[in-house]
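Asker: predicted coordinates and the sequence they were generated for:
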Amino acid sequence: MREPRGAPEAARTWQFPPPWVLLVAIVLIICAEVGGASMVRFKVELARWARNTMLARPAVHGLVGVRDVDEQILDEALVKFDAGLRLFHLHAEGMGLVIIVTTTVAATLAAPGPARGVLVALLTVGGAGYPLGYLLWSGLIPVVGLERGKAIAEWLAWIPFGGTTILALWWLVIIVARRLGR
Amino acid sequence: MTVLIRALLSVVLIGLPVAATAHHLGSYTPRDNEISTNFKQLKFAIQAGRFDVAQRLFESGAVRKEMLATAPRLPPGLEGEVGASLRERQGTAAERGLVIFFAALTRDLALEAERQVRDVSVPAEVRAAAGRKFLEAIWRYYNLVDFAISQYDPKAAVAVRLAFDEAEGLAKGAATPVAANPCSGPRPATRGAEVQNPERLRPPLARIAQALGAVVDSTTVRRPP
C-alpha cells in the first residue's frame, strides 16, 4: 500500500497482533477442525448418548409416552443437537479467521496504547467465546431441553461474547473511518 | 488502489456486526417416520400399477408390522385383506385398507390425547403442551389419508377437519406453532394468549376420535368373492 511521503516505515506495513491473540485464533480453528472430525467419527455414539439422555428425562422434553408423538420430539432435538455441533464447527472456523483479520487491522490502524490493547482483547475474547455458545447449546439440549438450553447458551455465551465482538467491531469501524477521514 | 482497499475493508467491517447479530440455530422440518414412509412407497407403487413392488414393500415394511402390532384395535383381518388385494392387483381395495389403518392410528392418537389432557394429576401447562404435540402427530397421519377419506366418507372428513381446526385454534394461543392445517387458511394471531384450560381441547379431540372411529367401524375392506 502506498503511504504519504515521509510516513514512518512501520506505518506502511501490516502489524501483527500479539502472539497470544494468534495462538487463541489458531487454537479455536483447531478446535473447530477437531469438533468437525469428531462429529463424523462419533456420530452414532453422540446420537445414542443424546437420545438416551433425553429418554431418561421425559418431563424435560415433554415426552408423552406415545411413540408417534415422542419420535418427532426426539428427532427434532437430535437434529438441533447435530445442528449445534455443526454451527460450532462453522463459527469456530470463521471466528478464528475473523480474530486474525480484525486484530491485525486493529494492531495496524489503532494508535499504540492501552486502548489498542483493550480493543484487541475484546475482539479476541468475543470472537473465541461466541462459537463456544453453540457447543454449550448442543451439549445442553439433551439435558435441559431445547428452549432452556438455548436460553442458557444465550446468556452465558452468545449475548456476552457476541455483544463484545459487535462492540469491538464498531469501535474498529470508527478507528478505520477516522483514518480514512484524515 | 489504496483507497479502494480501505473502502472495501470498511464495508466488510461495517457488515460484520450486522451478520453477527443474526446468529441462527438451524431449522427443523418434521420428517416422515418409517410408517408414513412405507405408506407413501406403497401408495406410489399401487398408483403406478407395480403391484409386485407394492407387495414386497408391504410384506417387509413398517405398515404391516404396525398392523400386526395393533391388530386388536383394527377391523379383523385387515392386514390379510390388504396383502390379498395387492396379490390380486386390486389397487382400490388395498388403498382402502391402508386408509382404514391410518384412520385407526389417528383415532388412537386422538383418544390418547383426550385421555392425557383430562388427567388433572398433571400440571395444566404440561397437558397443554402434550395436546399440541398430539395435534401435530394427529395431523401428520391424517394428512396422508385426508383426500381418500373425503372420497369414502365426506361427512367424517368434514367433521375431522372442523374438530381439528377448533383444537388447533385452542392450542394456537401458546408460543409454539402447531401443525399447519392447509384447510384452515390464515388465522388471526393470538400470540401471547395461553390455553387457560387444556381440558378445552377435549371436545374437539373426542370428535376427531368419534368421526374416525365411525370410519374404521363402518368401512370394511370389500373384495369381490
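Answerer: Received the coordinates, thanks.

Asker: rest of the way, CA atoms for contacts and neighbours
Answerer: OK.

Asker: pretty sure residue A:82 sits against residue A:138.
Answerer: Yes - Residue A:82 is within contact range of residue A:138, at 7.2 Å (criterion: CA atoms under 8 Å).

Asker: quick check: the gap between the most centrally placed residue in chain A and residue A:94.
Answerer: Nearest residue to the geometric centre of chain A (CA atoms, centre = their mean): residue A:131, 1.9 Å. Using CA to CA, to the nearest Å, residue A:131 is found at 9 Å from residue A:94.

Asker: how near is the residue nearest to the centre of chain A to residue A:161?
Answerer: Following CA to CA, the distance that separates residue A:131 from residue A:161 is 9 Å.

Asker: low-confidence ranges, the chain, go.
Answerer: As the question left the chain open, I've gone with chain A. Scanning chain A with the threshold set as pLDDT under 70 gives A:1-12.

Asker: oops, wrong one, chain B.
Answerer: If you take pLDDT under 70 as the line, chain B has these spans: B:1-24, B:173-196, B:219-225.

Asker: most centrally placed residue in it?
Answerer: Centre-most residue of chain B, counting by CA atoms, centre = their mean: residue B:140, 1.2 Å.

Asker: okay, and it sits in which element?
Answerer: In this assignment (DSSP states H and E), residue B:140 forms part of helix B:124-152.

Asker: same question for residue A:106.
Answerer: Going by DSSP H and E, residue A:106 is in helix A:67-109.

Asker: if you count neighbours, what's buried in the next helix or strand after that helix?
Answerer: Using DSSP H and E, the next helix or strand after helix A:67-109 towards the C-terminus is helix A:114-144. Within helix A:114-144, the residues that count as buried by 16 or more other CA atoms under 10 Å in any protein chain shown are A:116-117, A:119-144.

Asker: check these against chain B, which are close?
Answerer: Contacts with chain B are made by none of these, judged by CA under 8 Å from any CA of the partner chain.

Asker: on that earlier part again, isn't the residue nearest to the centre of chain A right next to residue A:96, touching?
Answerer: No - with contact defined as CA under 8 Å, residue A:131 does not reach residue A:96; the gap is 9.5 Å.

Asker: without its sequence neighbours, what residue ends up closest to residue B:214?
Answerer: residue B:156 (7.8 Å; CA to CA, 6 or more residues apart in numbering or on different chains).

Asker: an error on my part: the question was meant for residue B:211.
Answerer: In space, residue B:211 is closest to residue B:156, 5.3 Å off (CA to CA, 6+ apart).

Asker: write out the residues of chain A neighbouring chain B.
Answerer: Those residues of chain A that sit near chain B, judged by CA under 8 Å from any CA, are A:1-2, A:62-64, A:68-69, A:72, A:76, A:79-80, A:83-84, A:87, A:162, A:165-166, A:169-170, A:172-173, A:176-177, A:180.

Asker: buried subset of those residues as a PyMOL selection?
Answerer: To isolate the buried ones among these in PyMOL, judged by 16+ other CA under 10 Å, type:
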select buried, chain A and resi 62+63+64+68+69+72+76+79+80+83+84+87+162+165+166+169+170+172+173+176
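
Asker: give me every residue that touches the residue nearest to residue A:164 when sequence neighbours are not counted.
Answerer: Nearest non-adjacent residue to residue A:164, counting by CA to CA, 6+ apart: residue A:126, 5.1 Å away. Residue A:126 is in contact with A:160-165, counting by CA atoms under 8 Å, 6 or more residues apart in numbering or on different chains.

Asker: mind running it again at 7 Å?
Answerer: Counting by CA atoms under 7 Å, 6 or more residues apart in numbering or on different chains, residue A:126 touches A:161-162, A:164-165.

Asker: which elements pack onto whichever strand or helix holds the residue nearest to residue B:211?
Answerer: Per DSSP H and E: residue B:156 is located in helix B:154-171. For helix B:154-171, the elements it packs on are helix B:124-152, helix B:202-218, judged by 3 or more CA pairs under 7 Å, 6 or more residues apart in numbering or on different chains; DSSP states H and E.

Asker: tell me what the longest one is packed against?
Answerer: The helices and strands touching helix B:124-152, judged by 3+ CA pairs under 7 Å, 6+ apart, are helix A:67-109, helix B:91-117, helix B:154-171.

Asker: cutoff 10 Å now
Answerer: Packing partners of helix B:124-152 (3 or more CA pairs under 10 Å, 6 or more residues apart in numbering or on different chains; DSSP states H and E): helix A:67-109, helix B:34-47, helix B:91-117, helix B:154-171, helix B:202-218.

Asker: what about residue B:149, how many neighbours?
Answerer: Using other CA atoms under 10 Å in any protein chain shown, residue B:149 has 21 neighbouring residues.

Asker: ok, and the closest non-adjacent residue to it?
Answerer: Nearest one to residue B:149, counting by CA to CA, 6+ apart, is residue B:157 at 5.9 Å.

Asker: picking that back up, could I get the helices and strands packed on helix B:124-152 in CSV, plus columns for distance to residue B:54?
Answerer: CSV is the format used below for the helices and strands packed on helix B:124-152 (distance: least, CA to CA, whole Å):
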stretch, distance to residue B:54
helix A:67-109, 24
helix B:34-47, 5
helix B:91-117, 10
helix B:154-171, 27
helix B:202-218, 23
